[in-house]
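Trainee: below is the sequence, then the predicted model.
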Amino acid sequence: MNKQTVKKLIPKFKTEAQERAYWESHDSTAHVDWTNAQKIKLPNLRPTTKTISLRLPQHLLDSIKVAAHARDVP
């Protein structure tokens, strides 16, 4: 069964609070037409990493290292 979708217009909001309240109570799928969507590839996209410092008890650090080693995680 072919169901023809009708894209609803997004209303204009006076404040960010009104917009937030609208999206909390409405589903965004009624406003998006996925029939024209195209797949894209992002070959150079890599997750970002950041080094942090944590102070942990030695026994906890040792157990974390053992668990990481068991999963082949450096």
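Mentor: Thanks, I have the structure now. Numbers count the residues shown, from 1 in each chain.

Trainee: helices of this structure, start to end?
Mentor: For the chain, applying DSSP state H gives helices covering 16-25, 58-70.

Trainee: and the shortest one, how far out from the chain's middle?
Mentor: Put plainly, it is helix 16-25. Distance of helix 16-25 from the chain centroid (Cα atoms, centre = their mean, to the nearest Å) equals 19 Å.

Trainee: so which bits of that helix are buried?
Mentor: Residues of helix 16-25 include none that count as buried (16 or more other Cβ atoms under 10 Å). In this view, the C-beta of every residue, glycine as well, is placed from N, C-alpha and C.

Trainee: run through who's touching that helix.
Mentor: With Cβ atoms under 8 Å, 6 or more residues apart in numbering as the contact definition, helix 16-25 has outside contacts at 11, 13.

Trainee: same check, this time on the longest one
Mentor: Contacts with helix 58-70, where a contact means Cβ under 8 Å, 6+ apart, come from 56, 74.

Trainee: pLDDT on it, on average?
Mentor: Averaging pLDDT along helix 58-70 yields 95.

Trainee: got the CA positions of stretch 65-74 in PDB?
Mentor: Presented in PDB, the C-alpha positions along stretch 65-74 are these (Å, rounded to 0.1, in the frame of the first residue of the first chain):
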ATOM      1  CA  LYS A  65      44.600  -3.100  32.700                       C
ATOM      2  CA  VAL A  66      43.800  -6.800  33.000                       C
ATOM      3  CA  ALA A  67      40.300  -6.300  31.600                       C
ATOM      4  CA  ALA A  68      41.700  -4.200  28.700                       C
ATOM      5  CA  HIS A  69      44.400  -6.800  28.000                       C
ATOM      6  CA  ALA A  70      41.700  -9.500  27.900                       C
ATOM      7  CA  ARG A  71      39.800  -7.500  25.200                       C
ATOM      8  CA  ASP A  72      43.000  -6.600  23.300                       C
ATOM      9  CA  VAL A  73      42.600  -2.900  24.000                       C
ATOM     10  CA  PRO A  74      45.800  -0.900  24.600                       C
END
